[in-house]
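Colleague: got a predicted structure here, sequence first:
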Amino acid sequence: MNEKNVNGKTGSGDDSATNDSGDPGTSVKSVETALDIVEFLHEQEGASMEEITEAVSRSSSTVHRHLTTLRERGYVISKSGLYTLSFLFLTYGGRTRDRLFASEIIDRKVQQLSDRTGERVQFMIEENAQRVYVFTYSGPSGVKTDATVGKRGPLHVSAAGKAILANLPSDRIEAILNSKPLGGPTKNAVSDPDALREELEEIRKRGYAYNDEESTEGLRAVGVPVHDGNGSTLGAFSVSGPAHRFRDTYFQRELPDLLMGAANEVELNLKYS
């Protein structure tokens, strides 16, 4: 009998039916199981083999084989009967981030903006129709959130995400808008695709985007895209803070001007370096 695993997919309970047909539209069950284990452990501070087995809906022998392999290859560590992911993922993630075009320039500018504003500043990219936090710094007045490096989320509920989305090719925008329902974690998140299309057009015209308590109640943000020397969008800067501070001229003009100036500096450095 098929059971649902941790990601809602159906599985037979073991990996004996691995698909090797060569069809690019099919997946390899053993790889899916390994990734299900990794994704489950990502959400846990530590988990026993029994907990992992229940979460991924595989036999205990199958899970044991995968955990043994992951441990031997250094991706998982085991202490006192609990399994956790290793810092090898940080090694790979850090290397990937360092390979980002102009990563040093962007990292330095994020830190400068955080020092200047005293708030939380971040740089995000788009990957697989999601926003990904690549650099983030928090000034002395910065609000603590779960916006850590590597965190992912929908584009349309963040200022940086909307700034990126507005500057993608039109066919890509439509593909993203049609891929899943909109809405979000707060009542302010846009849920109507036509309303979002209108907002994206406004963002393209004025050069910056707002997040008005759309991702977190009480939090506002401003986002500005950053382009490379060929006009493609690398990602976007954003600065976020509490709604009671982010208001009036500061929110509507001063922060957008500051971020657009920072983006322009980065773009000039990229163009002439």
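Modeller: Thanks, I have it.

Colleague: could you list the buried residues of stretch 140-151?
Modeller: Within stretch 140-151, the residues scored as buried using 16 or more other Cβ atoms under 10 Å are 142, 147. The way it works is simple: take the backbone N, C-alpha and C, and place the C-beta from them, glycine included.

Colleague: and the end-to-end length of that stretch?
Modeller: 22 Å (Cα to Cα, to the nearest Å).

Colleague: mind starting the numbering at 27 from now?
Modeller: Shifting the count to begin at 27 puts that one at stretch 166-177.

Colleague: for stretch 168-181, the averaged confidence score.
Modeller: For stretch 168-181, mean pLDDT is 89.

Colleague: tell me which residues are up against that stretch.
Modeller: Residues from elsewhere that reach stretch 168-181, judged by Cβ atoms under 8 Å, 6 or more residues apart in numbering: 119, 123, 140, 144-146, 148, 152-153, 155-162, 164, 187-188, 190-191, 202, 208, 210, 241-242, 245, 266-268.

Colleague: 7 Å instead, please
Modeller: For stretch 168-181, contacts defined as Cβ atoms under 7 Å, 6 or more residues apart in numbering pick out 119, 145-146, 148, 152, 155-160, 162, 187-188, 190-191, 202, 210, 242, 245, 267-268.

Colleague: drop anything exposed from those.
Modeller: Neighbour-count burial within the contacts of stretch 168-181 applies to 145-146, 148, 152, 157-160, 162, 187-188, 190-191, 202, 210, 242, 245, 267; the criterion is 16+ other Cβ under 10 Å.

Colleague: mind checking which of those residues land in strands?
Modeller: Judged by DSSP state E, the buried ones among the contacts of stretch 168-181 include 146, 148, 152, 157, 158, 159, 160, 162, 245, 267 as members of strands.

Colleague: hmm, the fifth one is touching residue 148, no?
Modeller: What it means is residue 158. No. Using Cβ atoms under 7 Å, residue 158 makes no contact with residue 148, being 10.3 Å away.

Colleague: where does this structure dip in pLDDT?
Modeller: In the predicted model of the chain, residues 27-52 satisfy pLDDT under 70.

Colleague: and it, what are its domains?
Modeller: Following automatic domain parsing, the chain resolves into domains at 29-112, 119-298.

Colleague: out of these, deepest packed?
Modeller: domain 119-298 (a mean of 18; mean count of other Cβ atoms under 10 Å).

Colleague: now do the same end-to-end measure for it.
Modeller: Termini of domain 119-298 sit 29 Å apart (Cα to Cα).

Colleague: could you do stretch 239-249 as well?
Modeller: Stretch 239-249 stretches 14 Å from its first residue to its last (Cα to Cα).
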